[in-house]
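A.B. asks: please find the sequence and the predicted model below.
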Amino acid sequence: MSDCLFCKIAEKKIHAKIVYEDDHVLAFRDINPVAPTHILLIPRTHMENILGLGDDTAKHMLAAMRQIVADEKIEKGFRLVSNTGEHGGQTVYHLHWHILSGRHMGWPPG
Ligand code: 5GP
Ligand code: ZN
């Protein structure tokens, strides 16, 4: 999608601090972190949200998530969030998983 911010990051047309990448997914630091560790994990292929995520890409995202958790040394705990749609608080409409860590997370979310 030519006008999608995260597609542009995946194509490296827009700079991001990449922490993990393979043929299927890319992970980079959030530009406006809300926790000491705040990483966004995206599929390279454009899809609006998690409802469009197929089993094969999901497998690659899960494997990448496990790798990132090990690399970032956040096994002590983290939160995985995928804001979806208007009520979910989604602002960028290319599927992304937030990996948040480095502090205690409150519950319920705002
Ligand atoms: P959402 O609100 O859709 O769940 O999450 C979008 C996230 O993308 C936000 O946390 C926001 O800070 C992050 N973000 C927006 N624009 C950019 C950007 O240009 N670069 C990076 N690295 N993160 C961005
Ligand atoms: Zn996109």
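C.D. replies: Ah, there it is. Ligands and ions are numbered 1, 2, ... in the order given.
A.B. asks: partner residues bridging Leu100?
C.D. replies: His38, Arg79 (DSSP bridges).
A.B. asks: that one contacts Val81, doesn't it?
C.D. replies: Yes - counting by Cβ atoms under 8 Å, Val81 is a contact partner of Leu100 at 6.6 Å. Where C-beta positions appear, they are placed from N, C-alpha and C, glycine not excepted.
A.B. asks: can you give me the buried ones in stretch 22-33?
C.D. replies: 25-28, 30 (16 or more other Cβ atoms under 10 Å).
A.B. asks: just those that are near ligand 1?
C.D. replies: Restricting those to those within reach of ligand 1 (Cβ under 6 Å from any ligand atom) leaves 28, 30.
A.B. asks: which one of the buried residues of stretch 22-33 is nearest Cys4?
C.D. replies: Distance to Cys4, by Cβ to Cβ, is smallest for Leu26 among those, at 13.0 Å.
A.B. asks: now the buried residues of stretch 22-33 as CSV including pLDDT?
C.D. replies: Shown next, in CSV, are those (pLDDT from 0 to 100):
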residue, pLDDT
Val25, 98
Leu26, 98
Ala27, 98
Phe28, 98
Asp30, 99
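A.B. asks: now tabulate the buried residues of stretch 22-33 in TSV and tack on secondary structure.
C.D. replies: Below are those laid out as TSV (DSSP: H, G, I helix; E, B strand; the rest coil):
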residue	secondary structure
Val25	strand
Leu26	strand
Ala27	strand
Phe28	strand
Asp30	coil
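A.B. asks: the more surrounded of Leu100 and Val81?
C.D. replies: Leu100 (21 against 15; other Cβ atoms under 10 Å).
A.B. asks: from ligand 2, how far out is that one?
C.D. replies: In this view, Leu100 and ligand 2 are 22 Å apart by Cβ to the ion, to the nearest Å.
A.B. asks: residues near His104, how many?
C.D. replies: When counting by other Cβ under 10 Å, one arrives at 7 neighbours for His104.
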